[in-house]
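*Asks:* Build me a model from this:
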Amino acid sequence: MAFVVVRGRVEDFAGWRKRFDEGTALRRSGGIKSEQVLRQSDDDRETLVIYEVDDVQQGRQFLESEETRRRRHESGVRDVRFYYPQT
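*Replies:* Coordinates of the predicted model:
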């Protein structure tokens, strides 16, 4: 088990969160076991998502895939940064 952290800035947290929640089955098919969403208390546009994965490479492929990038963009995510564990 490993964790991948993704920091992003969203245009509208409520809209983004609705779209994010709709993608649970897609994330599971991409190797994401679970996730936890955090946000800044004073700026809810700043988000941090912690993903649990069994295989870091599979998780990375999913999170950086063209489809996932497109979905992120369509849901209003901007300025994304990925943090992967050292392997």
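*Asks:* So which residues of this structure form strands?
*Replies:* Under the criterion DSSP state E, the chain contains strands at 2-10, 32-39, 46-53, 77-83.
*Asks:* Could you save these as CSV and add columns showing mean neighbour count, distance to G59 and mean pLDDT?
*Replies:* Where C-beta positions appear, they are placed from N, C-alpha and C, glycine not excepted. CSV is the format used below for the strands of the chain (neighbours: other Cβ atoms under 10 Å; distance: least, Cβ to Cβ, whole Å; pLDDT from 0 to 100):
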stretch, mean neighbour count, distance to G59, mean pLDDT
strand 2-10, 17, 5, 97
strand 32-39, 15, 6, 97
strand 46-53, 18, 4, 97
strand 77-83, 13, 10, 95
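*Asks:* Please name whichever of these is nearest to K18.
*Replies:* strand 2-10 (11.3 Å; Cβ to Cβ).
*Asks:* what about the closest one, distance to the chain center?
*Replies:* Centroid separation for strand 2-10 versus its chain: 5 Å, with Cα atoms, centre = their mean, to the nearest Å.
*Asks:* before we move on, the earlier item: to F62, which of the strands of the chain lies closest?
*Replies:* Closest of the strands of the chain to F62 is strand 32-39, at 6.6 Å (criterion: Cβ to Cβ).
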